[in-house]
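Asker: Sharing a model that was predicted from the sequence below.
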Amino acid sequence: MFELSQTQKELQSTARGFAKKEIAPRAAEIDRTEKYPWENVELLTKQGFMGMTIPVEYGGPGMSYLDVVL
């Protein structure tokens, strides 16, 4: 077993808060209509959750796959 770093714990907390505030309120409507949630993709992009594993040398944050799944 391992422990998350402080940065990973902060990322997890940020993602959890974002999901509760922005994603959860729309979930039932998205499920009901079966419409692709482009608004969520835009919000995730603005929050920096898209492209997290893009290497720094290509302009990304260079995060690990573990960071992504948190």
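Answerer: Thanks, I have the structure now. Residues are numbered from 1 along each chain as shown.

Asker: Now name the helix or strand holding the residue positioned nearest the centre of the chain.
Answerer: Central residue of the chain (Cα atoms, centre = their mean): F49, 3.9 Å from the mean position. Counting by DSSP states H and E, no helix or strand carries F49.

Asker: and if you look at G51?
Answerer: Assessed by DSSP H and E, G51 sits outside every helix and strand.

Asker: now that we're looking at it, how far away is K20 from it?
Answerer: 23 Å (Cβ to Cβ, to the nearest Å). Using the backbone N, CA and C atoms, a C-beta is placed for each residue, glycine as well.

Asker: pretty sure the residue nearest to the centre of the chain is touching Q12, no?
Answerer: No: contact between F49 and Q12 fails when scored by Cβ atoms under 8 Å: they sit 12.0 Å apart.

Asker: the longest helix in this structure is where?
Answerer: helix 6-18 (DSSP state H).

Asker: tilt between the helix or strand following that one and helix 6-18?
Answerer: Downstream of helix 6-18, the first helix or strand assigned by DSSP H and E is helix 24-33. With axes from the mean of the first three to the mean of the last three Cα atoms, to 10 degrees as the basis, helix 24-33 and helix 6-18 are set at 60 degrees to each other.

Asker: Output the contacting helices and strands for helix 24-33.
Answerer: helix 38-46 (3 or more Cβ pairs under 8 Å, 6 or more residues apart in numbering; DSSP states H and E).
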